[in-house]
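A.B. asks: Predicted model and sequence follow; I will ask about them next.
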Amino acid sequence: MDGLELIDAYHVPIHCEKCSGVMVYQGVGEYKCERCGFIDYDDYGKVRCYIEKRKGATAMEVEAATGVSQRTIRRMLKDARIEVANDSQMFLRCELCGKSIRSGRYCAECEMKVHRKFEDQQRAAHLKNMQEHTHVYGSGHSDEGHRRFVHDKNQ
Ligand SMILES: [Zn+2]
Ligand SMILES: [Zn+2]
């Protein structure tokens with residue numbers, strides 16, 4: 001288990017919508033294009049930003065404002081990705097290294113690592129695409145780089 005399902009679950013922005021560069025994870029759901037600096041958020045980042053501004057917002061309000069489905073929001077709550085009090089005595093453990101964490105599934109370091117790994121895959125896929133276009137390399141499997149994620153932009 002390498003943690004990469006995290007990427008699927010929260011609609012992680014993979015390619016920059018401005019220049020199609022690789023989006024690099026900055027922490028707490030925020031991503032930055034390594035080429036042009038464009039900032040984007042995954043579902044967790046959107047929900048988190050909104051809740052920070054509107055404490056006590058209901059799942060319905062969050063859904064309306066962020067476009068993130070209530071199902072995903074509830075899942076985040078269940079995964080304890082949002083709203084765990086600072087003074088909570090209940091510690092979770094990172095699923096990858098076992099370190100004590102306050103929320104989520106991975107410690108900040110492991111979460112970074114999971115994302116770094118994914119970004120490497122995206123760069124490799126990018127490179128492979130370019131090589132395919134210039135006919136340096138002919139065939140080969142091609143799934144990762146061609147996957148598309150639905151991204152709601154009506155906010
Ligand atoms: Zn960009
Ligand atoms: Zn860890």
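C.D. replies: Structure's in. What do you need? Ligands and ions are numbered 1, 2, ... in the order given.
A.B. asks: report the longest helix in the chain, please.
C.D. replies: helix 108-133 (DSSP state H).
A.B. asks: wait, Lys32 sits on Val22?
C.D. replies: No - if you go by C-beta atoms under 8 Å, Lys32 and Val22 don't touch, sitting 10.0 Å apart. All C-beta spots, glycine's among them, are computed from the backbone N, C-alpha and C.
A.B. asks: When the two are compared, which one has more neighbours?
C.D. replies: A count of neighbours by other C-beta atoms under 10 Å puts Val22 above the other of Lys32 and Val22, at 20 against 17.
A.B. asks: Report how many residues lie close to the nearest residue to the more buried one once chain neighbours are set aside.
C.D. replies: Distances taken as C-beta to C-beta, 6 or more residues apart in numbering place Gln122 nearest to Val22, at 4.8 Å, with adjacent residues excluded. Here the number of neighbours of Gln122 (other C-beta under 10 Å) works out to 19.
A.B. asks: Next: Gln26.
C.D. replies: Neighbours of Gln26 (other C-beta under 10 Å): 14.
A.B. asks: Let me see the contact set for it.
C.D. replies: Lys32 (C-beta atoms under 8 Å, 6 or more residues apart in numbering).
A.B. asks: I'd like to know how far the residue nearest to Val22 sits from ligand 1.
C.D. replies: 13 Å (C-beta to the ion, to the nearest Å).
A.B. asks: Please tell me I have it right and that residue contacts Val24.
C.D. replies: No - in this structure Gln122 lies outside contact range of Val24 using C-beta under 8 Å: 9.6 Å.
A.B. asks: still on that earlier bit, next one: the residue nearest to Val22 relative to Glu95, how far apart?
C.D. replies: 23 Å (C-beta to C-beta, to the nearest Å).
A.B. asks: The longest helix of the chain and ligand 2 in contact?
C.D. replies: Yes - Helix 108-133 lies within reach of ligand 2 by C-beta under 5 Å from the ion, at Cys110.
A.B. asks: Packing partners of that helix?
C.D. replies: Using 3 or more C-beta pairs under 8 Å, 6 or more residues apart in numbering; DSSP states H and E, the elements in contact with helix 108-133 are helix 5-9, strand 23-27.
A.B. asks: Out of these, point me to the one whose mean pLDDT is lowest.
C.D. replies: Note on the helices and strands packed on helix 108-133: lowest mean pLDDT is at helix 5-9, with a mean of 68.
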